[in-house]
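Visitor: model the structure of this input:
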Amino acid sequence: MFLAIETVAHPDFFAEIVALLIATALVAFFCHRIGIMPIVAFLVTGAVIGPHALGLVHNEALIEAAAEVGVILLLFTIGIEFSLEKLARIKRIILIGGGLQVGLVIALVAGLLALLGVDWRTGVFTGCLVALSSTAIVMKLLMGGGDVATPGGQASLGILIFQDLAVVAMVLVVPMLGGAGASGWELGLALAKAAGIVALVLITARRIMPWVLERVARTCSQEIFLLSVMAICFGTAYLTSLAGISLSLGAFLAGLVVSESRFSQLAFAEILPLQILFSATFFVSVGLLFDPLFVLQNPLLILGVILAVFAVKVVATGVGLRVLGYGVGTAAGASLLLAQIGEFSFVLERSGRGVGLYPAGLQAGGPEVFIAATVALMIATPFMYPLGDKIRLALRRRSEVGPTPEPQQSDDRVAGLRDHVIIAGLGDVGYALAEILDERGIPFVVLTLDPDRANEAEQSGLRVLRGNYSRQHELQHAGLRSARLLVVADDDAETTRRVVEAARALNPNLSIIARTRFTRDVLELREVGAGEVVSEVQESAVRLLARVLETFDVSADEIARHQDDLRASGGGGRATFGGPVVLSEAARRSDSCSHAAETREVFPSAPGCEECLRMGKRSWVHLRICMHCGHVGCCSESPGDHAAKHFKSAGHPIVKSLEAGETWTWCYEDQTYL
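Guide: Below you'll find the model as predicted:
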């Protein structure tokens, strides 16, 4: 007898979503292993699973809808990171460098197409498509390489900002270029309308939004804060769309609004996971448009377009930066980095198609050539980035450093901090620690989600950042890579664990001290990377033991020894990770080794390999304990072989196995088992 299995109903698009996610994860993992950045992986995924290849995804309308959300979130986060203050810092690069670059690209493209008999309106439209570069790709490369603050990084950033702002005008101008009677008056009116919208956004950013986010943050609810930020993002995008501006540009302006709040970094961290997911969908959707068969049928045409676009953008960017006084090497590096066509060009191309405008005026084949060239240039950009560095280094001279832009700094409160202490959590413990560090002149910064406590600390002159310190972005913002010590003062064990994991992944060599209430959490926090864990229950037991022994006139040395034993045992009356370890009498009297008599009873120094845990890894195969000092290290089969390295550095030859069921002991010096 067979049981009838009824298929559970699901939406028609669900299978395609599953295929998209699985394929994206697999391709991204493979590309990561061979050193290719995720954005390229997403483009390749779309090309592979799209209707022109394997055909796993057919519902392009659904993917385009998700991609539109991805562009909205992408532009929103970019707006948050730029902020009005940063725009002001590099205004000369933005206005002159960016203006020259965009203007020259449009002029060169329109001029070249005019020689081929293409109408000037179509030429200007195509120039707008080519002028834009990929903010997502370029910023990802600059931040990953730590080059945002370099002259070339600042120049690239300034030009990208101008391009993103110029899109406001482009979106308004494109529909008029598609009409038969676009006049100078109408174009001027469109630009004035864009300027008015930007001015309204700036006023809102300064006057209203900080007050709104302050009230929302006082709820101390991540859910409410995230929902409010999403409402600001999509609400602003929708309202600006009613005035004729695209949803994506409205989201960018919403990001600028939020950037003026003290909670902008918290907003960025909260929305970043969603932005990553939907932005990945956007790049996959771009890949879906890629037609490998069309490329195979028209290789010379597409190659010619790629070379032409590349040459135009390199020349225009280089001229703009040379006018600003940048040297040849810096200008060449930035030019190569900006030589691709940006993600927003796809949005602009769709807008043009709706009013009868096509790239180079080619209705048949024009969009396909544009997509193929854009995808190819996007894929090539990560490889152009190191080439630009090599050219810049080869051509660099003392005289070509160029104008010195104001250093890029995410926040004045952490500017110049090095070898500082990061305090995660501003409860009573964190507040007291911050006051002592401030009194002693030790550099520090505090991260907190509590707005009232943050205001109180700021009034006392303490350096405070508002943000979710369990997020890597917030820890980076506080200067984790250059910090000397992280103190996790939160009293929630799960939050503390997330903070330690995030910090250890960013900085494997950082010293981390974690606080917890209960002894049972000590082992787990050590395993995820905390170098030292202070348990309130354990320390209470230690203090209680000392007072009891003092009553019976026990010596201070004896009390200290008992306190050390209690801390090593976890404070609960039993040893953590196996308790004390001692050699058997037979091993100590072994004739084959002359060092066994020097060993003593030891306690394990860590719940795993000490060095591996310090680096945030669990890469050991077997564990060994040094019978001279208690150091726990990994075996020769492990990647680190830290037990042997400890012997070489400390000169302690005797180790004992810590594996279950194993009782052997080994002497490195005499090369023998005991």
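
Visitor: so what's Ala131 up against?
Guide: For Ala131, the contact set (C-beta atoms under 8 Å, 6 or more residues apart in numbering) comprises Gln101, Val102, Val105, Ile106, Val109, Gln163, Ala166, Ala316. Using the backbone N, CA and C atoms, a C-beta is placed for each residue, glycine as well.

Visitor: what's the neighbour count on the nearest residue to it once chain neighbours are set aside?
Guide: Spatial nearest neighbour of Ala131, chain neighbours left out: Val105 (4.0 Å); criterion: C-beta to C-beta, 6 or more residues apart in numbering. Val105: 26 surrounding residues under other C-beta atoms under 10 Å.

Visitor: repeat for Thr448
Guide: 25.

Visitor: what's the pLDDT at the residue nearest to Ala131?
Guide: On pLDDT, Val105 comes in at 93.

Visitor: check Val414 too.
Guide: 65.

Visitor: also Leu113?
Guide: For Leu113, the pLDDT comes out at 90.

Visitor: okay, and the spatially closest residue to it that is not a sequence neighbour sits in which element?
Guide: Excluding the flanking residues, the one nearest Leu113 by C-beta to C-beta, 6+ apart is Gly123, at 4.1 Å. Secondary structure assignment for Gly123, by DSSP states H and E: helix 120-131.

Visitor: which SSE is immediately downstream of that helix?
Guide: Next element after helix 120-131 (DSSP H and E): helix 135-145.

Visitor: tell me what that next one is packed against?
Guide: Here helix 135-145 touches helix 38-49, helix 60-89, helix 151-177, helix 328-337, helix 366-395, going by 3 or more C-beta pairs under 8 Å, 6 or more residues apart in numbering; DSSP states H and E.

Visitor: give me the mean pLDDT for that helix.
Guide: Rounded mean pLDDT across helix 135-145 is 72.

Visitor: roughly how far is stretch 254-265 from the heart of the chain?
Guide: 18 Å (C-alpha atoms, centre = their mean, to the nearest Å).

Visitor: let's see it as PDB, backbone CA atoms only.
Guide: Output of stretch 254-265 as PDB, limited to C-alpha atoms (Å, rounded to 0.1, in the frame of the first residue of the first chain):
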ATOM      1  CA  ALA A 254      16.700  60.200   1.800                       C
ATOM      2  CA  GLY A 255      20.200  58.800   2.700                       C
ATOM      3  CA  LEU A 256      21.500  62.400   2.800                       C
ATOM      4  CA  VAL A 257      18.700  63.300   5.100                       C
ATOM      5  CA  VAL A 258      19.500  60.500   7.500                       C
ATOM      6  CA  SER A 259      23.200  61.200   7.400                       C
ATOM      7  CA  GLU A 260      22.600  64.400   9.300                       C
ATOM      8  CA  SER A 261      21.400  62.500  12.400                       C
ATOM      9  CA  ARG A 262      23.700  61.300  15.200                       C
ATOM     10  CA  PHE A 263      22.200  57.900  14.500                       C
ATOM     11  CA  SER A 264      23.200  57.700  10.900                       C
ATOM     12  CA  GLN A 265      25.800  55.000  11.500                       C
END
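
Visitor: list the buried residues of that stretch.
Guide: Ala254, Gly255, Leu256, Val257, Val258, Ser259, Glu260, Ser261, Arg262, Phe263, Ser264, Gln265 (16 or more other C-beta atoms under 10 Å).

Visitor: low-confidence ranges in the stretch 301-450 of the chain?
Guide: Counting by pLDDT under 70, the ranges of the stretch 301-450 of the chain that qualify are 389, 392-416.

Visitor: what segments of it are helices?
Guide: Ranges of helices in the stretch 301-450 of the chain, per DSSP state H, counting those that start in this stretch, are 328-337, 344-354, 366-395, 428-440.

Visitor: what helices and strands are in contact with the helix or strand where Gly235 lies?
Guide: Element membership for Gly235, per DSSP H and E: helix 222-242. Packing partners of helix 222-242 (3+ C-beta pairs under 8 Å, 6+ apart): helix 60-89, helix 209-217, helix 247-259, helix 264-289.

Visitor: highest average neighbour count across those helices?
Guide: helix 247-259 (a mean of 26; mean count of other C-beta atoms under 10 Å).

Visitor: returning to what we had before: quick one: mean pLDDT over the helix holding Gly123.
Guide: 90.

Visitor: so which bits of it are buried?
Guide: Arg121, Thr122, Gly123, Val124, Phe125, Thr126, Gly127, Cys128, Leu129, Val130, Ala131.

Visitor: just stretch 423-439 next, same as before
Guide: Result for stretch 423-439 [16+ other C-beta under 10 Å]: buried residues Ile423, Ala424, Gly425, Leu426, Val429, Gly430, Tyr431, Leu433, Ala434, Leu437, Asp438.

Visitor: cool, stretch 447-464 as well?
Guide: Leu447, Thr448, Leu449, Asp450, Pro451, Arg453, Ala454, Ala457, Leu462, Arg463, Val464.

Visitor: identify the bridge partners of the first one.
Guide: Each beta-bridge partner of Leu447 is listed here, defined by DSSP bridges: Ala424, Leu465.

Visitor: before we move on, the earlier item: of the contacts of Ala131, closest to Leu277?
Guide: Gln163 (24.9 Å; C-beta to C-beta).

Visitor: I'm done for today, thanks for sticking with me.
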